[in-house]
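K.L.:
Turn this into a model:
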Amino acid sequence: MVDYRQESIENARGAIKGGSLLNGGAAVALLTQLSTIPQSIAGAALTSMIWWSFGLSFSAFAWVAAFGSTRYVDKWQDEGNDIHRVTSNRYQTAGIVLIILSIICFIAGSLHLAAGFNDAFGNK
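P.N.:
Numbering: from 1, shown residues only. Here you go, the predicted structure:
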């Protein structure tokens, strides 16, 4: 029999790691090239770093939401009070929204950096 609580925890953990890796990996990759970034795209690079920082923050807040969701599932199972199930579902929804926002930040930062490269080196 499937343990849905454990499956839910693993799925949340994977999503949070994914959001953190996308944004953190992009930021680290850009930081490793900082000394070679042309002045013409420095502004785009800075804006991308800001987007990715927000993406990392959203992933961190998603962890808090996942913790709250799991905690209230436990309280619901222990106490049988249905309000705890409702609260758990709200935390879960918040976590999903935060992960989606994290992915949007990654995309926005990447597109902004790509646009900066295009403006600086694109065919005119």
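K.L.:
where in this protein is pLDDT low?
P.N.:
Along the chain, the parts satisfying pLDDT under 70 run over 1-2, 4, 123-124.
K.L.:
the helices in it, which residues?
P.N.:
Along the chain, the stretches classed as helices by DSSP state H are 4-32, 42-79, 82-121.
K.L.:
Columns mean neighbour count on top of the ones you listed, output as TSV?
P.N.:
In short, each C-beta sits where N, CA and C put it, glycine included. Shown next, in TSV, are these (neighbours: other C-beta atoms under 10 Å):
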stretch	mean neighbour count
helix 4-32	15
helix 42-79	18
helix 82-121	17
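K.L.:
Next one: the residue nearest to Ser40 when sequence neighbours are not counted from Asp82, what distance?
P.N.:
For Ser40, ignoring the flanking residues on the chain, the nearest one in space by C-beta to C-beta, 6 or more residues apart in numbering is Ala120 at 4.0 Å. Going from Ala120 to Asp82 by C-beta to C-beta, to the nearest Å gives 57 Å.
K.L.:
repeat for Arg13
P.N.:
Arg13 is 26 Å from Asp82, by C-beta to C-beta.
K.L.:
Over to Phe54?
P.N.:
35 Å.
K.L.:
With Trp52 instead?
P.N.:
For Trp52, the distance to Asp82 (C-beta to C-beta) stands at 40 Å.
K.L.:
does Ala108 really touch Trp51, like I thought?
P.N.:
Yes - between Ala108 and Trp51 a contact is recorded at 4.8 Å, counting by C-beta atoms under 8 Å.
K.L.:
Asp82 and Trp76 touch, don't they?
P.N.:
Yes - the criterion here is C-beta under 8 Å, and Asp82 meets it with Trp76 at 7.2 Å.
K.L.:
what do these two both touch?
P.N.:
When C-beta atoms under 8 Å, 6 or more residues apart in numbering defines a contact, no residue borders Asp82 and Trp76 alike.
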